[in-house]
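Student: need coordinates for the below:
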Amino acid sequence: MTSEERKSWERTQRKNRIIDIAQDIFFQNGYEKTTIFQIAEAAGYNKRTLYLYFKDKEEIFLAVVLRGLEILHNWFQHTLNTADDETNKLRKLSEVFFKFSLEHTEYLKLIMIFESNNCVYYEDQPRKEEKDQFQEACQAKTNAIAEIITGSLQKAIDEGSIRTNLTPVQLMLVLWGQVFGVMQIILMRQKHFQDAFGISYHDLFQSFLDMVETGIIAQNPD
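Tutor: Numbering: from 1, shown residues only. Next comes the predicted model:
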């Protein structure tokens with residue numbers, strides 16, 4: 001390893017350590033209540049030194065969000081590669097999101113902030129003039145996740161197993177809203193869910209998927 005390679009490796013290690021520390025703080029405090037001073041202090045740096053690695057709190061936040069998006073994308077991609085047919089893939093993708101939401105709830109919260117404040121949905125949408133490494137990476141990963149879902153929807157529509165007047169993108173928005181809405185209720189009321197509602201949140205989610213399938217799956221596909 002050359003001297004320059006070692007310096008680059010050491011810089012990467014320091015950046016990853018800062019992201020690790022910031023992740024814990026974001027998970028505990030949320031985005032708004034986390035400050036750059038808290039991150040610097042926890043990492044053993046002053047703010048000036050921290051700015052040698054990241055330009056601001058948002059860039060560190062996006063580095064953490066990217067980790068969550070990578071997990072979700074990897075799980076989706078694995079499902080895409082292993083599920084039997086398109087309608088089965090769609091159900092499995094929903095179940096993967098259910099699992100991700102329960103196992104990585106803090107990542108999900110940060111991803112939602114990214115989707116609200118940073119994600120670009122339309123080509124002419126105003127963007128920052130200066131491209132940010134983590135902003136671009138998060139956007140690319142979000143697009144890849146969306147393409148997995150819309151691709152499966154397109155194939156199911158083409159083969160006649162889904163009946164809809166919506167485009168794959170439009171149908172994705174409807175299904176995403178439904179799935180996310182149910183998951184938000186589950187996450188808010190997860191404790192004592194069975195006692196309060198007489199059903200486990202896992203069984204409720206499966207029943208919800210049954211209802212969705214009843215609404216969009218063609219009974220006698222061509």
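Student: okay, which residue is most central for this structure?
Tutor: Residue closest to the average C-alpha location in the chain (C-alpha atoms, centre = their mean): residue 69, at 4.4 Å.
Student: so what's that residue up against?
Tutor: Counting by C-beta atoms under 8 Å, 6 or more residues apart in numbering, residue 69 touches 111, 138, 141-142, 145. In short, each C-beta sits where N, CA and C put it, glycine included.
Student: and the gap between residue 145 and residue 203?
Tutor: Separation of residue 145 from residue 203 (C-beta to C-beta, to the nearest Å) stands at 26 Å.
Student: higher neighbour count, the two?
Tutor: More crowded of residue 145 and residue 203, by other C-beta atoms under 10 Å: residue 145, with 19 against 12.
Student: show me what whatever helix or strand residue 175 lives in is in contact with.
Tutor: Assignment of secondary structure by DSSP states H and E places residue 175 within helix 168-188. Applying C-beta under 8 Å, 6+ apart, the contact partners of helix 168-188 are 90, 94, 97-98, 101-102, 105, 146, 149-151, 153-154, 157, 162, 164, 166, 193, 201, 204-205, 208, 212, 216.
Student: for ChimeraX, what selects the buried ones among these?
Tutor: Selecting just the buried residues from the contacts of helix 168-188 in ChimeraX takes one command, with 16 or more other C-beta atoms under 10 Å as the test:
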select :90,94,97,98,101,102,146,149,150,153,154,157,162,193,201,204,205,208,212,216
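Student: so which bits of stretch 159-169 are buried?
Tutor: Going by neighbour count (16+ other C-beta under 10 Å), the buried part of stretch 159-169 is 161-162, 168.
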